[in-house]
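Participant: Got a sequence here, can you build the structure:
(chains A and B)
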Amino acid sequence: MTKKDTEEQGKRPEYLERGEEFLEMFRKGQEFTHDLLRENERLRFQVVHLEETMKRKLEVPDGGEPGPASEEVTEKLAQYEVRLAELEARLNEVEAENVDFVQRYIDVEEQNNNLANLYVASYQLHSTLDYEEVLQIILEIIINLIGGEIFAIYLLDEKTETLNPEASEGVSISEIPQLPLDEGVIGKAVLANESYFNDNPSKDLNDLYNDPLVCIPLTIKNDVIGTIVLYRLLQQKVTFAPVDFELFTLLAGHAATAIFSSRLFTESKRKLSTYQGFLDLLSP
Amino acid sequence: MASPTFLIIEDSPTMRQLIRFALNRIPGAEVIEASDGVDGLKKLSSSKVDLILTDINMPIMDGLKLVNLVRSNEAYKDVPIIIITTEGAKEDRERAMALGANAYITKPIQSTALLSTVRDLLKL
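Facilitator: Predicted coordinates for the structure are as follows:
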């Protein structure tokens, strides 16, 4: 990994900064609420204190009449009660705003998480031109970001019109069958260039290859070069999250170009090495 | 703790980058990366680490052996360890916790859950 790569990885993206600004705004709202609560508490205390004072002052001795002091206290008490009602109304408003802020904060956090997943997947897919590394990165994305347990990457052989397993996880590649293009849900999905999602996959391992969970054709523009077939999710992964579908879409395009370009690069490197060998033989 | 230092021990560069992304949200966070248990132990001895995040399934030395070695070393026995793994079985979790891990998170991770665990362990 180069120094530049490390710097890019360590760099804080703009959406993280925005998320933190939002968090700061949320914290200020929280502080304001705390201030209001303290003010409310203080006023409540004063009201109680005044009520007690008033009670004492209003205690008219037997046969006596209430004096001007009791009127003054009554007036002050009324003022404080109005102020208290105002503050309570404002507090309710701020609390409602806070609930809204909390929900927005949760949404922003989820968006941050999704964007980070998509960024990392895209960054890693285009971080190398080595064919084997590209395949490994695709496997890692499906395991770590989507939560796949058993899956395979097939590449299309246009001459024989078959899908050949190129890499797999959770099952040996030798156990995965070669698939004819015109048969089964996988072949049909690839022919139609349409993703296939199965809401109710079979739990039976024997049906695994005929009954996949997901099939994502790998396409460059409209040309299908292969497919990713997901047979089973990790036990803790109960259902797909919205970001998983974003990742499938990303893989359909980016994984296809990464596989295609790395394969071309590897082939051209091999050819270059062969030509160089010939030239070395010819040169005196 | 002003600027915590984290050690990520994970063989997948994709996961390392994703975890680094999440940890960078903590102000002043320093992140060190290692690709297996042996590399992780080397980096642990050469830096002052406040928290270790490790995978279980790794080449050369797996995460459970690493937890065992860290916990048996007087110098690092109190460093909190978070396991981040694909192994979701109850027995795996219990085994890791019995060896001395402080938290167990299964993949795929949610950065909010990871950060919340980190903040709890470091009392940030």
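
Participant: Okay, now the unreliable bits of the stretch 1-150 of chain A?
Facilitator: A:1-13, A:15, A:57-70 (pLDDT under 70).

Participant: Pull up the residues of the stretch 1-150 of chain A that are close to chain B.
Facilitator: A:9-10, A:12, A:16, A:19-20, A:109-110, A:112-113, A:116-117, A:119-121, A:123-124, A:127, A:137, A:140-141, A:143-147, A:149 (CB under 8 Å from any CB of the partner chain). For glycine as for every other residue, the C-beta is placed from the backbone atoms N, C-alpha and C.

Participant: Give me the subset of the residues you listed lying in helices.
Facilitator: A:9-10, A:16, A:19-20, A:109-110, A:112-113, A:116-117, A:119-121, A:123-124, A:137, A:140 (DSSP state H).

Participant: Selection in ChimeraX covering whichever of those residues are buried, please.
Facilitator: Selection of the buried residues among those in ChimeraX, burial being defined by 16 or more other CB atoms under 10 Å in any protein chain shown:
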select /A:9,16,19,109,110,112,113,116,117,120,121,123,124,137,140
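
Participant: ok, residue 117 - contacts?
Facilitator: Went with chain A since none was named. Residues near residue A:117 by CB atoms under 8 Å, 6 or more residues apart in numbering or on different chains: A:145, A:243, A:246, A:247, B:18.

Participant: look at chain B instead
Facilitator: B:82, B:103, B:105.

Participant: Then it would be within a strand, right?
Facilitator: No. Going by DSSP: H, G, I helix; E, B strand; the rest coil, the assignment for residue B:117 is helix, not a strand.

Participant: What helices and strands are in contact with the host helix or strand of residue B:93?
Facilitator: Assigning secondary structure by DSSP states H and E places residue B:93 in helix B:90-99. Judged by 3 or more CB pairs under 8 Å, 6 or more residues apart in numbering or on different chains; DSSP states H and E, helix B:90-99 is in contact with helix B:63-71, strand B:81-85, strand B:103-106.

Participant: Find the closest residue to chain A in chain B.
Facilitator: Scanning chain B for the residue nearest chain A gives residue B:88, at 3.4 Å (criterion: CB to the nearest CB).

Participant: Tell me, how many residues neighbour the closest residue to that residue other than its chain neighbours?
Facilitator: Once flanking residues are discounted, residue B:88 sits nearest to residue A:236: 3.4 Å by CB to CB, 6 or more residues apart in numbering or on different chains. By the criterion of other CB atoms under 10 Å in any protein chain shown, residue A:236 has 15 neighbours.

Participant: tell me, how many neighbours does residue A:182 end up with?
Facilitator: 10.

Participant: wait, isn't it in contact with residue A:191?
Facilitator: Yes. With contact defined as CB atoms under 8 Å, residue A:182 counts as touching residue A:191 (6.7 Å).

Participant: name the element the residue in chain A that chain B sits nearest to belongs to?
Facilitator: Residue of chain A nearest chain B, by CB to the nearest CB: residue A:236 (3.4 Å). Using DSSP H and E, residue A:236 maps to neither a helix nor a strand.

Participant: and the residue nearest to the spatial centre of chain B, what is it in contact with?
Facilitator: Of all residues in chain B, the one closest to the mean position by CA atoms, centre = their mean is residue B:53, 1.0 Å from it. Counting by CB under 8 Å, 6+ apart, residue B:53 makes contact with B:6, B:7, B:8, B:9, B:10, B:19, B:81, B:82, B:84.

Participant: any chance of the residues you listed in CSV, with pLDDT too?
Facilitator: Compiled in CSV, the contacts of residue B:53 are given as follows (pLDDT from 0 to 100):
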residue, pLDDT
B:6, 97
B:7, 97
B:8, 97
B:9, 97
B:10, 96
B:19, 96
B:81, 97
B:82, 97
B:84, 96
